[in-house]
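Student: Take a look and give me a structure for this.
(one chain, ligands or ions: 4)
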Amino acid sequence: MRFPVYFLLAYALSLSAPAAAFVHPGLLHTAADFARVRNKVNAQAEPWLTGFQKLTSNSHSAITYRARPQATVYRGLGSPENYSILYNDLAAAYALCLRWKITGDTTFADAAAAIINGWSSTLKTIGGTSDRFLAAGLYGYQFANAVEMLRTYAGWSSGDFAAAKSLLLNVFYPMNHDFLVNHNGARIDHYWSNWDLCNMCSALSIGVATDNATIFNEAIDYFYVGAGNGAINHTVWKLYPAEGLGQLQEAGRDQGHTTLSVGLLVAFAQMAYNQNVDLFAHDDNRILKGAEYAAKYNLGYDVPYTTYKNCDVTQTVVSNNSRGDMRPIWELPYNHYVKIKGLRAEFTAAYAEKVRSAGGGAEGGGGDYGPNSGGYDQLGYGTLMYSVQSHH
Ligand SMILES: *[C@@H]1O[C@H](CO)[C@@H](O)[C@H](O)[C@H]1NC(C)=O
Ligand SMILES: *[C@@H]1O[C@H](CO)[C@@H](O)[C@H](O)[C@H]1NC(C)=O
Ligand SMILES: *[C@@H]1O[C@H](CO)[C@@H](O)[C@H](O)[C@H]1NC(C)=O
Ligand SMILES: *[C@@H]1O[C@H](CO)[C@@H](O)[C@H](O)[C@H]1NC(C)=O
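Tutor: Numbering: from 1, shown residues only. Ligands and ions are numbered 1, 2, ... in the order given. Model (predicted):
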């Protein structure tokens, strides 16, 4: 198997790098991002001001939010599901961390720390049907993102930080690793791309949060050459060079999961980028081609489609199920590709604008897109956190 040169370089550098080489904070947001957002909000500049108001008007960002940690989180039909408690608490931990980082008011950091500490000292098991692997992936990367911000808070004790890392390493990561290696005993093309992608996001972010290069590299390697549907060539599996589009693995299934895969892909790339590994650019911006494909179809345009087959299904047409799905996903790829890289991303830009407008001028976060898990699968607040310039 041949690897691109930049893959070998990134791989060699990260394998040989000491733990201290990780950038902190360095998951979805860096110190420079927080400085930019703080300055813009203080200057009452748009769209950051509206983005900040979106954050502060979400009840998850309230100082009075109280966590409800559980010893067992269960996801999947067949037993009372209680995983909504965890995703609500993690949306709150994230929102409170943002409020603290942007305002400097440590009462928000204390409230976020109380949520993370409560779960670190209580959660022992993530159970359920096969869906437990979705919980381990989605909530693992969200938990790690809160930890990565809190580690920069002087008021968070080293013992509490250690307990949070222990939960990530002993409860979340083993499930992420198991899923990426064994896929719950299923045939390799059985699980849809979002299952791999959320577990890749979790492993990557746990690698950074715990300063473990082995775990970080496991996730990066999987992106390049993994066997399952989360690997880049399987997720964005069919390229249409003339149109600059890439058909997504879940496009014939439904659009909620197709857009989720885009959301997880760009979160993965953003977290790697903040560790100086540029996956956005990989293979001539292959992620952008997938984002453009999903955005174009969901905005109401036709897209080319090639029959998709795996061990379970043959899908001959793109699925219109949940077409037009509104999730806070698009500011991240729009700002990265258009504003930072200077590339064209016509449909991603238009979809970012549509979701922004629907939110009153900014993407919201968990709780702004309904009570179900889909509204919490991505951390959101992208207008606030990813905008690098004013819109004119
Ligand atoms: C969460 O699920 C576990 C396992 O089913 C159960 O023991 C626990 O009581 C549940 N918690 C809540 C608040 O429902
Ligand atoms: C990193 O994680 C791997 C996999 O769990 C483990 O084997 C290794 O000991 C860890 N390395 C460090 C430095 O903690
Ligand atoms: C992925 O596809 C690209 C072409 O777009 C190809 O160059 C590369 O070798 C493929 N990678 C793997 C691991 O198959
Ligand atoms: C959705 O797709 C199905 C199957 O291809 C088709 O029969 C139906 O007309 C489509 N509905 C809309 C609203 O486009």
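
Student: make it CA atoms for all contacts and neighbour counts henceforth
Tutor: OK.

Student: quick one: the helices in the stretch 201-350 of the chain?
Tutor: Secondary structure of the stretch 201-350 of the chain by DSSP state H, counting those that start in this stretch: the helices cover 213-225, 232-235, 255-273, 282-298, 331-334, 346-358.

Student: what does the longest one contact?
Tutor: Meaning helix 255-273. 26-29, 193-194, 197-198, 200-201, 204-205, 220, 235, 248-251, 278-280, 287, 290-291, 294, 298, 319-325, 327, 329-330, 332-333, 377-378 (Cα atoms under 8 Å, 6 or more residues apart in numbering).

Student: wait, is Tyr74 part of a strand?
Tutor: Yes. Under DSSP: H, G, I helix; E, B strand; the rest coil, Tyr74 sits within a strand.

Student: who wins for proximity to Pro80 among the helices of the stretch 201-350 of the chain?
Tutor: Between Pro80 and these, the tightest spacing by Cα to Cα is seen for helix 255-273, at 23.8 Å.

Student: Can you list phi and psi of Thr307 for me?
Tutor: Here is the backbone geometry of Thr307 (degrees, to the nearest 10): phi -50, psi 130.

Student: Met200 too?
Tutor: phi -60, psi -40.

Student: separation between the nearest residue to it once chain neighbours are set aside and ligand 2?
Tutor: Using Cα to Cα, 6 or more residues apart in numbering and skipping the chain neighbours, the partner closest in space to Met200 is Ala219 (5.2 Å). Distance, Ala219 to ligand 2, using Cα to the nearest ligand atom, to the nearest Å: 12 Å.

Student: now the strands for the protein?
Tutor: Ranges of strands within the chain are 72-75, 125-128, 236-240, 245-248, 308-309, 314-315, based on DSSP state E.

Student: most tightly surrounded among those?
Tutor: Greatest average neighbour count among the strands of the chain goes to strand 245-248 (a mean of 26), per mean count of other Cα atoms under 10 Å.

Student: What's the local residue count around the closest residue to ligand 2 within the stretch 151-300 of the chain?
Tutor: Nearest residue of the stretch 151-300 of the chain to ligand 2 (Cα to the nearest ligand atom) works out as Asn212 at 4.7 Å. As a burial measure, Asn212 scores 19 neighbours (other Cα atoms under 10 Å).

Student: For it, give me the pLDDT.
Tutor: pLDDT, the model's per-residue confidence, is 98 for Asn212.

Student: ok, so what distance separates it from Ser121?
Tutor: Look at Asn212 and Ser121: by Cα to Cα, to the nearest Å, they are 22 Å apart.

Student: okay if I get the strands of the chain as a markdown table plus mean pLDDT and distance to ligand 2?
Tutor: Putting the strands of the chain into a markdown table (pLDDT from 0 to 100; distance: least, Cα to the nearest ligand atom, whole Å) gives the following:
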| stretch | mean pLDDT | distance to ligand 2 |
| --- | --- | --- |
| strand 72-75 | 97 | 22 |
| strand 125-128 | 97 | 18 |
| strand 236-240 | 98 | 28 |
| strand 245-248 | 98 | 31 |
| strand 308-309 | 98 | 34 |
| strand 314-315 | 98 | 37 |
